[in-house]
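Student: Next input, structure requested:
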Amino acid sequence: MDTKERILLTALRLFNEEGEPNVTTNHIADEMDISPGNLYYHYKSKNDIIWQLFLRYETKIKEVLTIPDIENTTMKDMWLYLNLVFDVIVEYRFLYRNLIQLMHRIEFLKRHFRRILALKSQTALNILQQLHSLKILKTDAATCANLADQIALTATFWLNYSVAIFDDDFDEQKKLSHGIFHILQMISPFLEEDQKQLIHQLSHEFLDT
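Tutor: Now for the predicted structure:
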């Protein structure tokens, strides 16, 4: 693995573990046992490193948000799909934990992230509309649109919320499962009874409640 790639992987780990505001380029260089000059040869600034990591995140999240085939789907399929979305968010969680500051600091990141938020809402809306066409979801167009925005909102800010409500030693996968459960609970009132029961079963399986 070349130095340029190692810098990105090391920065991603440190940003996620220690928080991006607490990590400097000197910290990254020291962790890698290279000189700051060597780091700056590859990346001009910390913002440059963040931007390159964001581009990787953007590619991954767009791939996941490509509308899945949900023909004859169940809520378990939805649960597993949402896990894929949350996995990408967790992999690049430093972006979400310091999102507002990063959007103010890096203008082009702000523009790109806004597009991702719009894509999250649109993907959620597409899925809800397909569930409606399969007669799994019983709701009108306006409610579908509102639910889609709520789903995007929850997926985006769940990590920060989970930090506030769960102890530090709370199982990380359980934190994600709680987020997914909250999303499915939003649409539960509009589901057929068998799908509501399936969400209830999933809560016991994944949340150990």
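
Student: Which positions in the longest helix along the chain come out as buried?
Tutor: Ranked by number of residues, the top helix in the chain under DSSP state H is helix 107-133. Using 16 or more other C-beta atoms under 10 Å as the test for burial, helix 107-133 gives 109, 112-113, 116, 119-121, 123-132. Placement of C-beta: from N, CA and C, glycine included.

Student: Equivalent analysis for stretch 77-87, please.
Tutor: For stretch 77-87, burial by neighbour count (16+ other C-beta under 10 Å) applies to Met78, Trp79, Tyr81, Leu82, Val85, Phe86.

Student: now it, how far from the chain's geometric center?
Tutor: Relative to its chain's centre, stretch 77-87 lies at 10 Å (C-alpha atoms, centre = their mean, to the nearest Å).

Student: do stretch 197-209 as well
Tutor: On C-alpha atoms, centre = their mean, the centre of stretch 197-209 falls 22 Å from that of its chain.

Student: who's in contact with the helix or strand encompassing Ile199?
Tutor: Secondary structure assignment for Ile199, by DSSP states H and E: helix 193-207. With contacts defined as C-beta atoms under 8 Å, 6 or more residues apart in numbering, helix 193-207 is touched by 74-76, 79, 136, 174, 177-178, 180-181, 184-185, 188, 191, 209.

Student: Name the residues of stretch 175-193 that are buried.
Tutor: Lys175, Leu176, Ser177, His178, Gly179, Ile180, Phe181, Ile183, Leu184, Ile187, Phe190, Leu191.
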